[in-house]
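**Q** return a 3D structure for these sequence lines:
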Amino acid sequence: MASDGATIRHATREDVSTIYALIHELASYEKATDSVKATEELLSKTLSFPESNDSSKFTPGFAKTYLIVAPEGGIAGMALYFYNYSTWTAVPGIYLEDLFVRPEYRKRGYGKALIKKLAQEVVSMGGQRLEWSCLTWNTPSLEFYASLGAVRKDAWVGLRLDGDALNKYAES
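**A** Purely as a prediction, here's the structure:
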């Protein structure tokens, strides 16, 4: 919980349109709206949600989303994440795919609260790593992450095989 009484909860299937909107708001911030290929239908099929009769059990899916709800009731932001695994430590971790707090809710500690919630989840499952990436030009976010004690991994280069190149290689 954030210091002002905001609450954090897992997104439900009913929140898909909100998650979709937050993804587009993040893409706009990152000047990459043309890159968003997600649809509400795809999000409904690929995200994991708490089962309605048992919030400790989740539907099949590849990623989960925490939403932070401001005291006045609006969805202030999200942390969309999935589990990963380290072969070197032989323990699980979490990869934070997207962290986004809407501009009108910033400077309230909501980003810190979402990352703390993820850190608590990593610790509770016996994991050792919470990892994410940040664009090199995003100085405000890099400074924010550094203030949490996050360490930049400059020795590693991010790589991706996608689109036509992925399909071509898969078929080779």
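
**Q** now do the buried residues in the helix or strand Y81 falls within.
**A** Assigned by DSSP states H and E, Y81 falls within strand 75-86. Within strand 75-86, the residues that qualify as buried are 75-81, counting by 16 or more other CB atoms under 10 Å. Placement of C-beta: from N, CA and C, glycine included.

**Q** ok, that strand: who's next to it in the sheet?
**A** strand 64-69 (antiparallel), strand 91-101 (antiparallel) (DSSP bridges).

**Q** check the ones you listed for me and report the most buried one.
**A** Comparing these by mean neighbour count (mean count of other CB atoms under 10 Å), strand 64-69 ranks first with a mean of 22.

**Q** quick one: average pLDDT of that one?
**A** Mean pLDDT, computed over strand 64-69, is 98.

**Q** could you export it as CSV, CA atoms only?
**A** In CSV, the C-alpha atoms belonging to strand 64-69 read as follows (Å, rounded to 0.1, in the frame of the first residue of the first chain):
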residue,chain,number,x,y,z
LYS,A,64,0.1,-11.0,-14.5
THR,A,65,-0.7,-7.3,-13.8
TYR,A,66,-0.8,-5.4,-10.5
LEU,A,67,-3.0,-2.3,-10.6
ILE,A,68,-2.6,0.5,-8.1
VAL,A,69,-5.8,2.2,-7.2
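
**Q** now do stretch 33-49: distance to the chain's middle.
**A** Offset of stretch 33-49 from its chain centre (CA atoms, centre = their mean, to the nearest Å): 13 Å.

**Q** buried ones in it, by neighbour count?
**A** Using 16+ other CB under 10 Å as the test for burial, stretch 33-49 gives 43-44, 47-49.

**Q** tell me the one of these nearest Y29?
**A** L43 (18.8 Å; CB to CB).

**Q** from what I see, that closest one and A21 are in contact.
**A** No - using CB atoms under 8 Å, L43 makes no contact with A21, being 10.9 Å away.

**Q** list the strands paired with the helix or strand of the chain with the lowest mean pLDDT, with their directions.
**A** In the chain, no helix or strand scores lower on mean pLDDT, DSSP states H and E than strand 54-58, which sits at a mean of 87. According to DSSP bridges, strand 54-58 has the following sheet partners: strand 50-51 (antiparallel).
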